[in-house]
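Novice: I'll drop the sequence and a predicted model, then ask my questions.
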Amino acid sequence: MSKKVKINAAILIIGNEILSGRTQDTNTSTLASWLNSIGVQVGEVRVIPDIEKEIIDTVNLLRKKYNYVFTTGGIGPTHDDITASSISKAFGLSYEIHKEAFKILEEYYKPGEFTEGRQKMTWMPSKANLILNPTSGAPGFNIENVFCLPGVPSILKSMLGGLKHKIIGGEPIKSLTISLRTVESEIASSLAKVQENNDDVEIGSYPFFHAGKLGVSIVIRSDDQSKIDICNTQILEFVNKKNIEVVNR
């Protein structure tokens, strides 16, 4: 039986506005959910400021460690949008106008609206492949295994469909949630034993407060449904022995 190939990725959120709390990051959950659905497991998420050296060093570290790296933010028209120029330096490529991107935006804007600031969005590393943007025209790009997307959540989301053919995934990650009327301390040791017996399955426990009552959701994740089923059986065994109520949420 051939071993299943594990494909992984890192997400790199770039932007001072995220670190300052002015903007809430929703791109991580959007990207992670999409990647999981196509069989790419997110191994790491980092948030860094708009500082050239930080971007270069982090991208170079992550692109060697993971199959894919997805960056969000810093590819707009303003002075602090330095992701594209930093990625150019990370790969040792020249930073230049991408002719196809220029043509797309020239046609997108009305005469006189394609200002110098907006033209900045066509500057990319040489050899960049475009990621088309069906929402606002300005494309993202990728170099090798690094994919650079905008920071605006609605625009990023609209661009994921066009990425699917560029990403080779593994088996989609499946999950099962068991919600219990209990507290974590009551199930901690029993859950730890199940995890020990199934070390290639990811098992997490998450407290919740619903309808005025405390509970714990156990989430089992794997690319193999049969392994999820085994864990589910083992968990329900100790749940029944302890007379813990299973709840629907």
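Specialist: Now that the structure is in, tell me what you want to look at.
Novice: and stretch 95-109, which residues are buried?
Specialist: His98, Ala101, Ile104, Leu105 (16 or more other CB atoms under 10 Å). C-beta here means a position set from N, CA and C on the backbone, and glycine is covered the same way.
Novice: So the closest residue to Asn67 other than its chain neighbours versus Leu132, what's the distance?
Specialist: Spatial nearest neighbour of Asn67, chain neighbours left out: Ile7 (5.1 Å); criterion: CB to CB, 6 or more residues apart in numbering. Using CB to CB, to the nearest Å, Ile7 is found at 23 Å from Leu132.
Novice: Turn the buried residues of stretch 95-109 into CSV, including secondary structure and pLDDT.
Specialist: Formatted as CSV, those follow (DSSP: H, G, I helix; E, B strand; the rest coil; pLDDT from 0 to 100):
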residue, secondary structure, pLDDT
His98, coil, 96
Ala101, helix, 96
Ile104, helix, 95
Leu105, helix, 95
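Novice: Thr177: what secondary structure?
Specialist: Using DSSP: H, G, I helix; E, B strand; the rest coil, the structure places Thr177 in strand.
Novice: scratch that, Asn243
Specialist: Assigned by three-state DSSP, the conformation of Asn243 is coil.
Novice: Any idea how many residues pack against it?
Specialist: Asn243 has 7 neighbours, counted by other CB atoms under 10 Å.
Novice: repeat for Arg118
Specialist: By other CB under 10 Å, the residues close to Arg118 number 17.
Novice: Could you list the low-pLDDT ranges of this structure?
Specialist: The chain contains residues with pLDDT under 70 at 1-4, 249.
Novice: try it again with 80
Specialist: Along the chain, the parts satisfying pLDDT under 80 run over 1-5, 170-172, 210-212, 248-249.
Novice: need the strands for it, in chain order.
Specialist: Along the chain, the segments classed as strands by DSSP state E run 7-14, 40-48, 68-72, 95-97, 123-125, 129-131, 140-143, 146-149, 174-181, 202-210, 213-222, 245-247.
Novice: right, so those strands: which one is the most enclosed?
Specialist: strand 68-72 (a mean of 27; mean count of other CB atoms under 10 Å).
Novice: now for it, which elements pack on it?
Specialist: In terms of contacts (3 or more CB pairs under 8 Å, 6 or more residues apart in numbering; DSSP states H and E), strand 68-72 is packed against strand 7-14, helix 27-37, helix 52-65, strand 146-149.
Novice: State the paired neighbours of the shortest one in the sheet, together with their directions.
Specialist: Okay, so that is strand 146-149. strand 68-72 (parallel), strand 140-143 (antiparallel) (DSSP bridges).
Novice: Nearest to Asn16, out of those?
Specialist: Closest to Asn16 of the strands paired with strand 146-149 is strand 68-72 (CB to CB; 13.5 Å).
Novice: Convert the C-alpha atoms of the closest one to CSV, please.
Specialist: Listed next in CSV are the C-alpha coordinates belonging to strand 68-72 (Å, rounded to 0.1, in the frame of the first residue of the first chain):
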residue,chain,number,x,y,z
TYR,A,68,3.6,26.2,-0.4
VAL,A,69,3.6,29.7,1.2
PHE,A,70,0.7,32.1,1.0
THR,A,71,1.2,35.8,1.8
THR,A,72,-1.6,38.3,2.2
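Novice: Brilliant, that's me finished.
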